[in-house]
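Trainee: Here is a sequence with its predicted model. Questions after.
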Amino acid sequence: MAIVLPSLPSKSRTARFWPLVLVAILIPGSINTAQAQKDDSAQAHAQAQAFAAWKSVLRQEALARGITGKVFDAEFKTLKLDDRVLRLDQSQPEIHSTADDYMTARLNPKRIAMGREAMQTNATLLKKLSKKFAIEPHFIVALWGVESDYGHNRVKNNAVAALTTLAYDGRRAEFFRGELLDCLWIIQNRRTAPHGMKGSWAGALGQVQFLPSSYLESAVNVDGLGPPHYWPDIWQNRSDIFASIANYMVQAGWKKGQGWGFEVVTPTNPIALSQMGMERQMSLADWAKIGVVAADGQGLKNGTILASLIRARDNDGDYYLVTDNFKAILKWNRSVLFALVVGRLADELEATPATKREEKTK
């Protein structure tokens, strides 16, 4: 509503009337502001009560799992939900980036050079782990490189706060509730100081970015020993980091010597969608019969290997023939783009690039 000011014939009357006019103007706004503040306070109070009730139920679940009240209370005494976690959950690059942008950002000359240096620096350890776990060294280093830039991207977030936020108000609340309880169990057994469990914005732990359940299932030392007998240090111990990566991939079904796949060129006549996708497999020989060739111009060797034809994204990016080892990488991270970056980086880190084709199709 517009406010019309009265005409003021003299300076003295102007001075006399202005306070009244200002009151008429300001009081409605002041009332609205006060009401808004009161509403915000009531809403905050209600949210705090709801979160407190949720924590109370969670505490009982934790106690039933064998987590002590002391550990639970130390983590939750001052814990606050982190809205930033929810924003990041809705803007993950695997979902919102184009295939080219995603891969260019993660498969660059600096990362390749750092990976080759890491291969040389850790050659003895990698050779030992490759023999024990039956996985090629360059795949161990590639996964390490993509997840934490070879340990240079230090995780600094409070893992419990991140997992609590996702469990309380996330799109996969029940899943992260289980991860949160697993995280508390790890904290108790590793005797981690309160708020000392560090992870990513989503609560993934250490340089290998294991969710807590993956840590409990796959984290090991070089002798293959893991929880509950040994609690690996995937934050700083290089041996534990590499062994845990190798163990996870073998558990996921990795087959040494099979490779992950390679880029291909499809025939001029479009391939039916029914022939594409991870669910559809044919031998390399059968793919060759319908005109699929390797992007480097070489033929598809060892035609008995089964492979699936995929694209980097449904209707975006290059074509690839991928083996069952690619499915193993997808168990680590369900993003096809992530798996392609790991595979391509691993190719770049091989000690003898000239033999790539032979190794991939043995």
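Mentor: Done, it's in. Residues are numbered from 1 along each chain as shown.
Trainee: Just say helix, strand or coil for Val155.
Mentor: coil (DSSP: H, G, I helix; E, B strand; the rest coil).
Trainee: next one: phi and psi at it?
Mentor: phi -80, psi 130 (degrees, to the nearest 10).
Trainee: Asp318: what's it in contact with?
Mentor: Counting by Cβ atoms under 8 Å, 6 or more residues apart in numbering, Asp318 touches Ala99, Glu263, Ala295, Arg311, Ala312. In short, each C-beta sits where N, CA and C put it, glycine included.
Trainee: Could you check which helix or strand contains it?
Mentor: Using DSSP states H and E, Asp318 maps to strand 316-322.
Trainee: Look up how far Asn189 lies from the closest residue to Tyr248 other than its chain neighbours.
Mentor: Leaving aside its sequence neighbours, Tyr248 sits nearest to Ser218 (Cβ to Cβ, 6 or more residues apart in numbering; 4.0 Å). Separation of Ser218 from Asn189 (Cβ to Cβ, to the nearest Å): 16 Å.
Trainee: out of the two, which sits in the busier spot?
Mentor: Ser218 (24 against 15; other Cβ atoms under 10 Å).
Trainee: for the more buried one, what are its contacts?
Mentor: Counted by Cβ under 8 Å, 6+ apart, Ser218 has contacts Phe210, Gly226, Ser244, Asn247, Tyr248, Gln251.
Trainee: switch to 7 Å and redo it
Mentor: Contacts for Ser218 were tallied using Cβ atoms under 7 Å, 6 or more residues apart in numbering; they are Phe210, Ser244, Asn247, Tyr248, Gln251.
Trainee: can I get those in a markdown table with pLDDT?
Mentor: Shown next, in a markdown table, are the contacts of Ser218 (pLDDT from 0 to 100):
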| residue | pLDDT |
| --- | --- |
| Phe210 | 98 |
| Ser244 | 98 |
| Asn247 | 98 |
| Tyr248 | 98 |
| Gln251 | 98 |
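Trainee: ok, how many other residues are close to Lys256?
Mentor: 16.
Trainee: Could I get the phi/psi values of it?
Mentor: According to degrees, to the nearest 10, Lys256 has phi -60, psi 140.
Trainee: now the protein, which segments are flagged as low pLDDT?
Mentor: 1-32, 34-40, 42, 91-96, 170, 314-316, 351-362 (pLDDT under 70).
Trainee: per-domain residue ranges of it.
Mentor: 84-94+154-251, 261-360 (automatic domain parsing).
Trainee: Columns distance to Leu129 on top of the ones you listed, output as CSV?
Mentor: Shown next, in CSV, are the domains of the chain (distance: least, Cβ to Cβ, whole Å):
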stretch, distance to Leu129
domain 84-94+154-251, 5
domain 261-360, 15
